[in-house]
Each structure stands twice: as C-alpha cells, then as structure tokens.
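**Q** Can you look at this prediction? I've put the sequence above it.
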Amino acid sequence: MSKYKVVLTGTTWPEAYEKLLEQCEVKVWEGPGPLPRDQLLDWLADAEGLFNVGHVKVDEELLDAAPNLRVIAQSSVGYDNIDVEACTRKGVPFGNTPGVLVEATADLTFGLLLSAARRIHEGWELVKAGQWRTVYGTDLYGKTLGVVGLGDIGSAVARRAKACGMNIIYHNRTRRPNDEQEGATYVSFDELLTTSDCIVCLVPLSNHSRGMFSKEQFNKMKPTAYFVNASRGPVVDTQALYDALQQNKIAYAALDVTDPEPIPADHPLLSLSNILITPHIGSATYETRNSMANLAAENLLAGLSGKPLPTCVNQSVNYK
Ligand SMILES: NC(=O)C1=CN([C@@H]2O[C@H](COP(=O)(O)OP(=O)(O)OC[C@H]3O[C@@H](n4cnc5c(N)ncnc54)[C@H](O)[C@@H]3O)[C@@H](O)[C@H]2O)C=CC1
Ligand SMILES: O=C(O)C(=O)CO
C-alpha cells in the first residue's frame, strides 16, 4: 500500500515520529529557524496531511495551496493560529491536543504564582550574587484567587490553589457547576478584578479575549494584586501591563506567554523588578510533550485513513 504524503512543520517526539513513518512519507522541516512560508506552501502541493508542530498559521492561502489535504493535526490545545471556519468549509478536519497537557500546564501556572508571591527566583539570584538576605513576599493562604478562563487548565490551577488554602472565584463564558461544588464562586469580570488578590488568566485567544486585560482592567485591580498570564500573549495589552507595573497599579506579574513572543531581550518589560517571565513552557515536560505528540499523530493517522479524529475541533467534518 502506498504511504500517505505528510508535511511536518518541525521535528516531533521520536515515539510519534515512528508511528507516522509506519504509514507516511514525510517532509519534515529540521531548521535552522522556522519553516519558510514559501517552502511550506511548496511542500503542501501534494500533501494529504499536515502535522503542525508549532503554531504555524493555517489560513485560506495555505489551504488553497494544499488541494489534496485531508487532515490537519496540531500538537497543542490552543488553536488561535488555525482558521477553523476555512478548514470546515474545505472539509478538512483539524485535531488539537486537549486534556493531555492540563496538569503540566497547571503546575507551571501555579508555580509562576508561587514563585512571584514568595520571590523564589529573586532569592536564588541573590544567593548566586553572594547576598544571603531575606526577600519578603506575600502569603497565598487565605487570599482570593480569581481565575479568568476556568476550563480544564484553570480548574486544575484552582485545585492547587484550594489545596493551599486560597478562596476561588472565577469569571468564564460558561458556568462550571462541578467547580462550584468544589467551592469556586462565579463573579462578574469587574468583581473579579476588584476583589482578587491574585488573578490567573487561562482563556483561549479569540476576538472576544484579545486585549481583555488592558489599562481599564489593570486600574481596577488592587495595588497589591499579582497577575499571571499563561494563556496567550495578545490577551494582554503589553503597554498597559508595563504601565501598571511601572506605576505600581499592581504589585507583580508572572507571564508564560507574551506579546510579542518571543519577547526581545531589550523589551521594557524586562527592565522592571516586579515581573517574572518564562518562555512559553507551560506544557514543556518530557512526559506531556510526548503525550501531545502521540495524540496529534493519532489525529493525523485517523484523518488520513478516513476515520474520525480522537480530538477533532470541527466535528461537522469529522464524520464524513
Ligand atoms: N502556556 C502554555 O504553555 C499553554 C497555554 N494554553 C492556553 O490555555 C488556554 C486554555 O486551555 P484549556 O484550559 O485547555 O481550554 P478550555 O477550553 O478547557 O478552557 C478555556 C475556558 O475559557 C473560557 N473562556 C473563553 N473565552 C473567555 C472569555 N473571553 N472570558 C472568560 N472566559 C472565557 C471558556 O468558557 C473555557 O471554560 C488554551 O486555549 C491556550 O491558549 C494551553 C496549554 C499550554
Ligand atoms: O497547548 C498549547 O496551547 C500551548 O500553548 C503549548 O502547549
């Protein structure tokens, strides 16, 4: 039987790659740097499957350059880089990787909050500089955590925070009865902003959420507030965040995602003392990234063989 023609926008994990090689003839971009757009479009001319390792933009242009494309699989749960409506219109199922990365991302997100609150990273820098002195932070115990975007990951963060004695409030597009049974309280966005001691953002990037944290929102927060963003950088107005931190409108920010991303070393945010930034590593554990790649490979191989994708975003084209 002839092998399926598949394009990988970058290298993936060995276990998943071996699974693909069993059934696919692959073109994989191994660098240096990101896959050039013209090279990708050229490779897609006869491709039946696209395995999107990063967040390469999938739009009309790309879909028109890939007339034989039967499935797109992405090794991430967020898919703001994918024009899902266009994929659906062209009958191309798209699979992401929900679920498998929840605990790892929740660990990192809560770890950012804890490190910011207790200045763990600052203490380590001082020790390395030969300065053994106390660095004061703030308790999490008894404080109010406001989660904006209480979905799979947000709920896992809330579980961690509850175990640390925090009170949980949330604002969401959908109510979460199970989380409310566990003690979370639904509030308006404004009430969350004005009453939270710590705020964690875990919403998908969309036309609704883009820029949802801007000057108006930071001005409503407590001057003692800790702000954590592990969703997508453009959910936050970066200039507004810089101003809020620089003018002490909020106490501290901890980000795993930025806008722009990667953030340049000379960016003004990096000159501030009340911020901590990690390079989009929420799901970056060996176990989790391997699981994500395996699930993406399952999605791709299912689509190539005309079977429903295990985790398909546009279900209307998942069952042809
Ligand atoms: N930093 C990292 O490495 C990672 C970041 N992420 C980001 O986290 C996001 C959330 O992932 P999951 O929890 O798996 O998704 P999810 O779909 O389970 O939860 C998202 C929640 O946000 C809510 N929501 C959507 N728009 C909203 C808005 N405008 N205002 C308030 N709530 C809103 C939804 O109702 C939903 O409950 C992903 O879309 C991705 O952007 C995900 C994994 C890793
Ligand atoms: O899964 C996602 O959406 C990420 O950001 C990377 O894990």
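**A** Thanks, I have it. In this text the structure is predicted, and so the values were computed from the model without any measurement. Residues are numbered from 1 along each chain as shown. Ligands and ions are numbered 1, 2, ... in the order given.

**Q** CA atoms for contacts and neighbours, from now on please.
**A** Noted.

**Q** SS state for the spatially most central residue of the chain?
**A** Computing the C-alpha centroid of the chain and ranking residues by CA atoms, centre = their mean puts residue 231 first, at 4.6 Å. On the three-state scheme (DSSP: H, G, I helix; E, B strand; the rest coil), residue 231 is labelled coil.

**Q** sec struct for the residue of the stretch 151-300 of the chain found nearest ligand 2, please.
**A** With CA to the nearest ligand atom as the measure, residue 283 is the residue of the stretch 151-300 of the chain nearest to ligand 2, at 4.6 Å. Following three-state DSSP, residue 283 is assigned to coil.

**Q** if we can go back for a sec, give me the distance between the spatially closest residue to the residue nearest to the centre of the chain that is not a sequence neighbour and residue 245.
**A** Of all residues not flanking residue 231 in the chain, residue 202 sits nearest, at 4.5 Å (CA to CA, 6 or more residues apart in numbering). To residue 245, residue 202 is 20 Å away according to CA to CA, to the nearest Å.

**Q** So those two - more neighbours on which side?
**A** Neighbour count, other CA atoms under 10 Å: between residue 202 and residue 245, residue 202 has more, with 25 against 21.

**Q** For the longest helix seen in the chain, which residues meet the burial criterion?
**A** Counting residues, the longest helix found in the chain (DSSP state H) is helix 286-304. For helix 286-304, burial by neighbour count (16 or more other CA atoms under 10 Å) applies to 288-304.

**Q** Show me the protein divided up by domain.
**A** 4-100+286-304, 102-277 (automatic domain parsing).

**Q** Can you show me the CA trace of stretch 104-114 as CSV?
**A** Provided in CSV are the C-alpha atoms of stretch 104-114 (Å, rounded to 0.1, in the frame of the first residue of the first chain):
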residue,chain,number,x,y,z
ALA,A,104,1.7,20.1,33.5
THR,A,105,0.4,23.5,32.5
ALA,A,106,-1.4,23.9,35.8
ASP,A,107,1.8,23.0,37.6
LEU,A,108,3.7,25.7,35.7
THR,A,109,1.0,28.3,36.1
PHE,A,110,0.7,27.8,39.8
GLY,A,111,4.5,27.6,40.1
LEU,A,112,4.7,31.1,38.5
LEU,A,113,2.2,32.4,41.0
LEU,A,114,4.0,30.8,43.9
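
**Q** So that stretch, near ligand 2 or not?
**A** No: applying CA under 6 Å from any ligand atom, one finds stretch 104-114 separated from ligand 2 by no less than 7.7 Å.

**Q** who touches that stretch?
**A** Contacting residues not belonging to stretch 104-114 are listed as 120, 140, 153-154, 156-157, 160-161, 226, 228-230, 254-256, 276, 281-285, 288 [CA atoms under 8 Å, 6 or more residues apart in numbering].

**Q** picking up where we left off before, how close does the residue nearest to residue 231 get to residue 26?
**A** 34 Å.
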